[in-house]
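Colleague: sequence and predicted structure below; questions after.
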Amino acid sequence: MQSKFFNHQGASLHYQIGGKEAAPVMVLLHGGFGSISDFEPLLPRLLQHYRVIAVDTRGHGRSTLGTAALTYAQAADDVRQILRSESVENYSLFGFSDGGITAYRLGAEDENVEKIITVGAEWHQKHLNRVRSMFEALNLNIVEEKLSEQLAAYQAANPEPDAEKWIAALKAMWLDESASGYPNESVREITANVLAIRGEADFMLAFDDWVELKTELPDVHLMNVPFAVHEAIKEQPEIVWAAVQAFQAL
């Protein structure tokens with residue numbers, strides 16, 4: 001994978017590109033507090049089948065936060081700008097958690113999106129009724145205790161590490177109920193084929209919220225992964241990969 005950087009809205013956005021030159025493009029979008037490494041369990045196989053573009057969301061991995069607020073709308077725009085710089089027109093999206101939310105926004109806004117795969121990704125802001133207090137309580141002490149591995153990786157990789165600013169930016173994105181936030185009912189504008197994957201014990205994406213996506217996207221494919229929680233890519237990579245292969249064959 002070749003590392004590249006693209007400057008946009010005050011941020012130096014890091015992404016990696018590799019895989020088969022003439023293959024369909026697959027864009028990888030990681031989760032909050034994560035990086036491109038979220039896809040490591042599947043990356044070798046993805047590189048064998050696709051032209052892979054893996055993006056570090058602004059403020060994550062090796063991407064700086066920049067001057068623009070971290071929102072799902074901004075994350076989607078960052079991806080669009082990177083793809084434009086690479087002269088990519090048609091592409092598919094594979095998004096985990098926050099990356100999946102960004103993927104839904106992109107799919108609703110861009111008819112060139114061919115397929116969308118999400119893992120553990122919310123789509124509507126009403127889930128905040130259930131998790132708002134958890135998001136609001138998040139601080140550096142909690143991250144150091146609960147997400148020490150992700151924090152250490154961020155501090156080692158990021159060119160401008162500022163953990164408190166990073167946490168504040170993510171909280172603001174998660175709690176954003178404006179037009180720059182969750183895609184909500186706009187998901188019905190998605191014309192791409194969608195596979196929405198959830199770990200059966202995912203405490204972040206409630207079963208009922210996940211199933212309700214079918215009311216807006218009647219043709220969505222839903223897969224509940226056994227023996228997995230939120231990080232199904234890491235916890236059950238073989239099952240997730242089998243689903244990806246079957247989905248791409250449709």
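Modeller: It's in.

Colleague: from here on, contacts and neighbour counts on C-alpha atoms
Modeller: Fine.

Colleague: ok, the closest residue to G61 other than its chain neighbours - contacts?
Modeller: Using CA to CA, 6 or more residues apart in numbering and skipping the chain neighbours, the partner closest in space to G61 is S35 (4.9 Å). Taking CA atoms under 8 Å, 6 or more residues apart in numbering, we find S35 in contact with V55, D56, T57, H60, G61.

Colleague: residue nearest the centroid of the chain?
Modeller: G99 (1.0 Å; CA atoms, centre = their mean).

Colleague: given the longest strand seen in the chain, what are its sheet partners and their directions?
Modeller: What stands out as the longest strand in the chain, according to DSSP state E, is strand 11-19. In the sheet, strand 11-19 lines up against strand 2-8 (antiparallel), strand 51-55 (antiparallel) (DSSP bridges).

Colleague: helices and strands around the helix of greatest length in the chain, which ones?
Modeller: Secondary structure of the chain per DSSP state H: the longest helix is helix 72-85. Using 3 or more CA pairs under 8 Å, 6 or more residues apart in numbering; DSSP states H and E as the contact test, the elements touching helix 72-85 are strand 2-8, helix 98-109.

Colleague: might you list the low-confidence residue ranges for this protein?
Modeller: Scanning the chain for pLDDT under 70 picks out nothing.

Colleague: helices of that one, residue ranges please.
Modeller: Using DSSP H, helices in the chain cover 43-49, 72-85, 98-109, 128-137, 140-146, 148-157, 163-174, 207-216, 232-235, 237-248.

Colleague: distance to F6 for these - can I get that in JSON lines?
Modeller: Putting the helices of the chain into JSON lines (distance: least, CA to CA, whole Å) gives the following:
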{"stretch": "helix 43-49", "distance to F6": "22"}
{"stretch": "helix 72-85", "distance to F6": "7"}
{"stretch": "helix 98-109", "distance to F6": "18"}
{"stretch": "helix 128-137", "distance to F6": "30"}
{"stretch": "helix 140-146", "distance to F6": "29"}
{"stretch": "helix 148-157", "distance to F6": "17"}
{"stretch": "helix 163-174", "distance to F6": "20"}
{"stretch": "helix 207-216", "distance to F6": "33"}
{"stretch": "helix 232-235", "distance to F6": "27"}
{"stretch": "helix 237-248", "distance to F6": "29"}
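
Colleague: tell me which of these sits most buried.
Modeller: Across the helices of the chain, averaging neighbours per residue (mean count of other CA atoms under 10 Å) puts helix 98-109 on top, at a mean of 27.

Colleague: picking that back up, could the helices and strands packed on helix 72-85 be laid out in TSV, adding distance to E164?
Modeller: Formatted as TSV, the helices and strands packed on helix 72-85 follow (distance: least, CA to CA, whole Å):
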stretch	distance to E164
strand 2-8	23
helix 98-109	19
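
Colleague: quick one: closest of the ones you listed to K126.
Modeller: With CA to CA as the measure, helix 98-109 is the member of the helices and strands packed on helix 72-85 nearest K126 (13.6 Å).

Colleague: how much does the closest one deviate in direction from helix 163-174?
Modeller: 40 degrees (axes from the mean of the first three to the mean of the last three CA atoms, to 10 degrees).

Colleague: which members of the contacts of S35 occur in strands, if any?
Modeller: Checking those against DSSP E, those in strands are V55.

Colleague: all good on my end, thank you.
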